Each structure stands twice: as structure tokens, then as C-alpha cells.
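> The amino acid sequence is not available; the structure is as follows:
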């Protein structure tokens with residue numbers, strides 16, 4: 001394990017179930033050294049890890065253990081990672097999966113993603129990248145308790161450390177100001193905040209007669225947060241704005 005990977009393992013947010021039990025990761029790869037490398041790295045972050053070297057062995061573990069996330073090699077003995085994912089998803093339809101593959105071609109990426117993989121890395125890969133990607137998959141899956149860095153309103157999640165935003169598991173890209181505005185609304189979830197309060201806390205100075213800048217940025221957020229979904233951002237006439245979970 002490299003020193004960089006060790007540092008990342010220490011600095012990644014601690015993820016655990018709501019009851020405090022560790023995240024369960026199943027690693028299936030017929031290359032014993034890679035399987036051990038990944039397992040050690042994930043254990044350093046506090047996860048519970050089990051591993052196997054073939055499709056059938058991995059399926060046997062998954063049946064009895066119910067993993068929270070899968071790390072699967074594509075090419076394996078018995079049956080491959082694509083078949084293993086298909087069989088595990090029949091048991092646990094929502095379990096996220098990261099594929100490992102030695103093939104760096106567009107066709108193989110499409111095959112993996114079409115099979116239902118949530119992400120993939122190609123060999124050779126850095127352990128740091130694998131750990132970060134798996135943490136993001138687990139965070140988006142909804143099985144963890146919210147960390148101090150996360151603001152959660154309904155299915156909307158904002159991470160103040162990574163500056164990542166998602167709703168219903170779908171990533172949302174925001175500009176710096178849009179992010180700061182959303183964070184302020186979420187910090188005051190279910191509470192009506194006025195335009196002047198937003199100006200003071202998001203822009204940090206008085207826009208004077210340009211309070212319509214708030215209306216403009218609220219409209220930007222609505223297009224990204226609420227478009228095609230039940231709205232979470234509401235206007236309270238004469239008072240301001242409020243964000244609240246969908247009832």
C-alpha cells in the first residue's frame with residue numbers, strides 16, 4: 001500500500017450504516033495480489049471486506065452476506081463479472097458495482113455499463129482512485145448515515161467537503177455561487193429565508209437595488225435541482241424562499 005493511498009484512506013469520510021455497523025464490500029478478482037491490495041485498502045477505511053477468486057465463489061458469499069458494494073473483475077473463472085453482477089442483482093437489485101477490467105476500449109466500457117455497472121476502472125489502476133470511487137458509490141447508494149460534511153434534505157445530498165451534489169442518486173453540477181446558495185438553503189431547510197438574508201450570507205455584501213440577483217440564482221437552482229422532479233425550492237410570497245423535502 002503506497003503512502004498516498006494510506007493518507008487517502010485516513011482522510012476519506014467515515015462511512016457506516018445508520019446502526020453504526022461497517023460498510024460491507026465484496027471484492028471478486030482471480031488475481032490474488034490485486035484482490036488483497038483492494039481488500040487491505042478498504043479495511044483501512046473501516047469497511048468489512050470479503051473476497052473471492054471466481055464468479056461462483058463470489059455469488060456464494062453474496063447470498064449469505066448481502067454486500068453494500070461490489071468490486072468485480074470482468075474476466076474470471078467459473079463465470080465472468082458481468083454474469084456475477086446479473087445474479088447478485090437478482091438478490092439485491094440496488095447494490096452498486098465497480099468493474100475492474102484490463103481492457104481499455106470503448107466497447108468493453110459499454111458492455112460493463114450496459115450490464116448495470118455504476119463505475120469502472122481499467123488495469124493498471126491506482127488504489128487511491130479505487131477507494132475514492134467506491135466511497136462515492138456508497139455515499140450515493142443511501143445506505144450510510146449522513147456525515148458531518150453532508151447536508152441532506154429528502155433525496156437531495158450536498159457534501160461540503162467534496163462539493164458534490166446529487167438528487168435521487170443523480171449528480172448535479174453547480175457553479176461556485178449556485179453551490180453556496182444551495183448550501184445556505186439546505187442549512188436552513190424548512191425555514192423561510194429572505195432575499196436580504198441570502199445576500200448577506202451568500203454574497204457577503206449588500207447588492208443594494210440588485211436584490212433581483214437572488215431571483216436569478218434561485219431560477220438557476222430550480223432548473224438543476226427541480227427540473228423534471230417534484231419541486232423542493234419554494235417561493236413564499238412577500239417573505240423569501242424555502243427548501244423542503246417532497247411530501
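Ah, there it is. Fair warning: this is a prediction, and the values are worked out from it, not measured in the lab.
> Break down the protein into its helices, ranges please.
3-11, 32-44, 55-65, 81-91, 106-114, 127-141, 176-187, 195-198, 212-225 (DSSP state H).
> In terms of mean pLDDT, which of these ranks lowest?
Across the helices of the chain, the stretch with the lowest average pLDDT is helix 3-11; it has a mean of 63.
> Out of the helices of the chain, which gets nearest to residue 164?
In terms of C-beta to C-beta, the element of these nearest to residue 164 is helix 127-141, at 7.4 Å. All C-beta atoms are positioned from the backbone trio N, CA, C, and that covers glycine.
> Show me which residues of the closest one are buried.
Across helix 127-141, burial judged by 16 or more other C-beta atoms under 10 Å covers 127-128, 130-131, 133-141.
> okay, now the domains of the chain?
The chain breaks down into these domains under the TED database: 3-141, 150-243.
> just those: most buried one?
domain 3-141 (a mean of 17; mean count of other C-beta atoms under 10 Å).
> Run the chain-centre distance for it.
Mean-position distance between domain 3-141 and its chain equals 14 Å (C-alpha atoms, centre = their mean, to the nearest Å).
> one step back: any chance of the helices of the chain in a markdown table with distance to residue 151 as columns?
Output for the helices of the chain, formatted as a markdown table (distance: least, C-beta to C-beta, whole Å):
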| stretch | distance to residue 151 |
| --- | --- |
| helix 3-11 | 20 |
| helix 32-44 | 26 |
| helix 55-65 | 32 |
| helix 81-91 | 30 |
| helix 106-114 | 30 |
| helix 127-141 | 13 |
| helix 176-187 | 4 |
| helix 195-198 | 16 |
| helix 212-225 | 13 |
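> how near is residue 30 to residue 247?
Applying C-beta to C-beta, to the nearest Å, the value for residue 30 to residue 247 is 49 Å.
> do the same with residue 149
Residue 149 is 27 Å from residue 247, by C-beta to C-beta.
> Equivalent analysis for residue 52, please.
Using C-beta to C-beta, residue 52 is found at 44 Å from residue 247.
> Which of residue 149 and residue 247 has more residues huddled nearby?
Set residue 149 next to residue 247 and count neighbours by other C-beta atoms under 10 Å: residue 149 wins out with 14 against 5.
> Could I get the contacting residues of residue 130?
Going by C-beta atoms under 8 Å, 6 or more residues apart in numbering, residue 130 touches 38, 41, 71, 98, 121.
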